[in-house]
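S.K.: quick one, structure for this:
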Amino acid sequence: MAKLDTRKEMFYTGWSIFQSRTNGCNARATGTGDTRWIPVTGSRILVPVSESGTLRNTVAYAVEQALEHARESGTGAVHFVYPVSERVTLEGPTAEFEQAHTLLDRVAVWAEEDLGDGAESVTVETGLVGTQEYLFSPGDYAEVLVEYARDNDLEIAVFDPGFNPIGTTPLLPPLEAEVREAGLEVSEAPVQRERRSSLLVQRGTVGQFLALFGVSFLFYLLLAGSVKPFELATGAITATVVAVALWGVSLTGPVDPVRTVRQFGRLLVYVPYLLWQIVIANLQVAYVVLHPDLPIDPEIVEFDAAVWSSLPVTTLANSITLTPGTLTVDVSRRHFTVHTLTVDSREDLFGGSLERAVRFVFYGLAAARIPSPVERRTEEDDPS
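M.R.: Residues are numbered from 1 along each chain as shown. Have a look, this model is predicted:
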């Protein structure tokens, strides 16, 4: 995965990563007033993005459609763009620009994970649009999106059902109409819309049921320490009861068997690494405790981790706490507050070894190359 360009250049060009060659195609209009569930008919896709609970599934859907059409045409492309409502100024990055960069980093990681072995046939690009204009109305957003699509020969715009860069006023229906009127084919990702108030019990899928059954069954056999017929039978019964009772509670999203197997395989690599880090940290803390001068330097530090969604964040927070010398005090989304005992423990924390390892588990090898907290802080302090 290519690195982001320097922030200064990005602010004045409006584009970020995965710059690559594009093939010529003509945009098509659907001529219909309904955008939902329209099948994607092109291999070159534009996806506007903003923070939403359905964005992850929309990214997966867009990549899947590009891969499907690339098998027929040989190539495909997906462009994820973030419409920036503020103009670029000489004063440097604003909060919206920082949020846009973070979101696009996350989307790029998701897309590369979803591509898998199809990375050679489908190119992924991310970028900012509207950096030289003030975006206010649906027409303003449609204008910059259509212009970008035409400049890059994109055939269809796939919208996330939760796309709403304004944040308050619903933007999607009039925006889809404006984009369609401008001559670009429009579709809406067939993913479940985010609920304003989440339900405790949700409708489960067969994949979720089987996943919960399998985990419960293996855990039962692990506790039993035996694979005798009696243990297998009682384990299956127990796992079935657990899966039926917690089917719609324990799992909050669809289960991708291939992705789950890959993550589990990477987890098997991560566990010995974490244990080794715990051993090293134990030795370091033991040295400090036994040293006559007791060279401790306790300090509370804060940083934003490059991990997303609840499970990776929880894994990183617990890994930090399990490592002697550091203790996770508070976590708010990606913002970590950690108590560190010594200078060495702070340096190790900001070095990002655990953070990279957790990204490797959940997002793959490419995500592990994202800069560490200290490298990201250096880039922010020196944007040139």
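
S.K.: so which residues of the stretch 201-350 of the chain form strands?
M.R.: 299-304, 326-332, 335-340 (DSSP state E, counting those that start in this stretch).

S.K.: show me which positions of the first one end up buried.
M.R.: By that I understand strand 299-304. Residues 301, 303 are the ones in strand 299-304 that count as buried (16 or more other C-beta atoms under 10 Å). C-betas here are computed from N, CA, C, even on glycine.

S.K.: and that strand with strand 335-340, angle?
M.R.: Counting by axes from the mean of the first three to the mean of the last three C-alpha atoms, to 10 degrees, strand 299-304 lies at 150 degrees to strand 335-340.

S.K.: ok, and what's touching strand 299-304?
M.R.: 102, 329, 334-340, 346, 349-350, 373, 376-377 (C-beta atoms under 8 Å, 6 or more residues apart in numbering).

S.K.: one more time with 7 Å, if that's ok
M.R.: Identification of contacts with strand 299-304 by C-beta atoms under 7 Å, 6 or more residues apart in numbering yields 329, 334-340, 346, 350, 373.

S.K.: what's the answer for the last one, then?
M.R.: The set of residues that contact strand 335-340 without belonging to it, under C-beta under 7 Å, 6+ apart, is 298-305, 317, 320, 325-330, 346, 349.

S.K.: check stretch 227-242 too.
M.R.: So stretch 227-242 is contacted by 212-213, 216-217, 220-221, 224 (C-beta under 7 Å, 6+ apart).

S.K.: out of those residues, who's the most crowded?
M.R.: Within those, neighbour counts (other C-beta atoms under 10 Å) peak at Leu212, which reaches 23 neighbours.

S.K.: find the nearest non-adjacent residue to that residue, please.
M.R.: Ala243 (4.5 Å; C-beta to C-beta, 6 or more residues apart in numbering).

S.K.: my read: the one you found touches Phe213, true?
M.R.: Yes. The criterion here is C-beta atoms under 7 Å, and Ala243 meets it with Phe213 at 4.1 Å.

S.K.: for the closest residue to Val107 other than its chain neighbours, phi and psi?
M.R.: Spatial nearest neighbour of Val107, excluding adjacent residues (C-beta to C-beta, 6+ apart): Phe80 at 4.9 Å. Torsion angles at Phe80 (phi, psi; degrees, to the nearest 10) stand at phi -100, psi 120.

S.K.: quick one, helices of the protein?
M.R.: Secondary structure of the chain (DSSP state H): helices at 7-13, 55-73, 95-115, 138-151, 172-181, 206-224, 229-250, 257-290, 310-322, 343-351, 353-363, 373-381.

S.K.: tell me how the chain divides into domains.
M.R.: Using automatic domain parsing, the domains assigned to the chain come out as 7-188, 206-250, 259-381.

S.K.: winner for burial among those?
M.R.: domain 7-188 (a mean of 18; mean count of other C-beta atoms under 10 Å).

S.K.: in this protein, which residue sits furthest out from the middle?
M.R.: Pro292 (46.7 Å; C-alpha atoms, centre = their mean).

S.K.: possible to save the strands of the stretch 201-350 of the chain as JSON lines with distance to Pro165?
M.R.: Formatted as JSON lines, those follow (distance: least, C-beta to C-beta, whole Å):
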{"stretch": "strand 299-304", "distance to Pro165": "21"}
{"stretch": "strand 326-332", "distance to Pro165": "23"}
{"stretch": "strand 335-340", "distance to Pro165": "22"}
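
S.K.: without its sequence neighbours, what residue ends up closest to the residue positioned nearest the centre of the chain?
M.R.: The structure's the chain has its C-alpha centroid closest to Arg106; by C-alpha atoms, centre = their mean the separation is 4.0 Å. Closest residue to Arg106 apart from its sequence neighbours, by C-beta to C-beta, 6+ apart: Trp308 at 5.0 Å.

S.K.: just Val122 next, same as before
M.R.: Closest to Val122 by C-beta to C-beta, 6+ apart is Gly76, at 4.2 Å.

S.K.: could you do Ala157 as well?
M.R.: Nearest to Ala157 is Leu46, by C-beta to C-beta, 6+ apart, at 4.6 Å.

S.K.: cool, Asp160 as well?
M.R.: Looking at Asp160 with C-beta to C-beta, 6+ apart, the closest residue is Thr58, at 4.0 Å.

S.K.: quick check, pLDDT for Val40.
M.R.: We have a pLDDT of 55 for Val40.

S.K.: pull the contacting residues for the residue nearest to Val122.
M.R.: 43-44, 66-67, 69-70, 121-122.

S.K.: point out the least confident one among these.
M.R.: Where pLDDT dips furthest among the contacts of Gly76: Ser43, at 70.

S.K.: now do the contacts for it.
M.R.: By C-beta under 7 Å, 6+ apart, the residues touching Ser43 are 66, 69-70, 73, 75-76.

S.K.: ok, it to Val81 distance?
M.R.: Ser43 is 17 Å from Val81, where distance means C-beta to C-beta, to the nearest Å.

S.K.: cool, and Ala305?
M.R.: 25 Å.

S.K.: what of Val122?
M.R.: The gap separating Val122 from Val81 is 16 Å, by C-beta to C-beta.
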